[in-house]
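Undergrad: could you work out the structure for the sequence below:
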Amino acid sequence: MENDKQAHLTLGLRYEIQTAPTERHNAQEFFNFTATNPISSSVGFNVPGELVFNSNSNRGVYNTSHTNFAPRIGAAYQLRDKLVLRGGYGIFFVPNYYGPGPNIASRRALRGSPRSMVV
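TA: This next block holds a predicted model:
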């Protein structure tokens, strides 16, 4: 949207989807930090954490998020003939290659500039 010859505003919306990596023969595993370890019944107290192996019904190391809508806004203003002031803002989603596992993975959006990211 162009207001005049000196100001420019850009609006946008990005949709990101990142599917979980899978392995051809389900030969992946992940550590679930919140599950109760099977050894707990033998030792008499709760031991957190369990190694979970992938199966045909659970092929990825995390669940795919389908809600990653990321708005963007940018602005530019020409102060002088060869001097332009530019700025922008957006929400970005960090790739989750090594998630903590299905059912406990969380996607967090980062807001702001790379130097001042807020989770």
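
Undergrad: contacts and neighbour counts: CA atoms only from here.
TA: Will do.

Undergrad: so what strands line up beside the top strand by length along the chain?
TA: Longest strand in the chain by number of residues (criterion: DSSP state E): strand 68-80. Using DSSP bridges, the strands paired with strand 68-80 are strand 7-16 (antiparallel), strand 83-93 (antiparallel).

Undergrad: chain center to the longest one: distance?
TA: Shown here is strand 83-93, whose average C-alpha point lies 20 Å from the average C-alpha point of the whole chain (C-alpha atoms, centre = their mean, to the nearest Å).

Undergrad: how about the first one?
TA: On the basis of C-alpha atoms, centre = their mean, the separation between the geometric centre of strand 7-16 and that of its chain is 19 Å.

Undergrad: in the following helix or strand past that strand, what counts as buried?
TA: Per DSSP states H and E, the first helix or strand lying C-terminal to strand 7-16 is strand 29-36. Within strand 29-36, the residues scored as buried using 16 or more other C-alpha atoms under 10 Å are 30-32.

Undergrad: please apply the same query to stretch 15-32.
TA: Within stretch 15-32, the residues scored as buried using 16+ other C-alpha under 10 Å are 19-20, 28, 30-32.

Undergrad: output the longest strand of the chain as CSV, nothing but the C-alphas.
TA: The C-alpha trace of strand 68-80 is given here as CSV (Å, rounded to 0.1, in the frame of the first residue of the first chain):
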residue,chain,number,x,y,z
ASN,A,68,1.9,-21.7,12.1
PHE,A,69,0.5,-18.4,10.7
ALA,A,70,3.1,-15.7,10.7
PRO,A,71,2.1,-12.1,10.1
ARG,A,72,4.6,-9.7,8.6
ILE,A,73,4.7,-5.9,8.3
GLY,A,74,7.3,-3.7,6.7
ALA,A,75,7.6,0.1,6.3
ALA,A,76,9.9,2.4,4.4
TYR,A,77,10.1,6.2,4.4
GLN,A,78,12.3,8.3,2.2
LEU,A,79,13.9,10.9,4.4
ARG,A,80,16.0,12.5,1.6
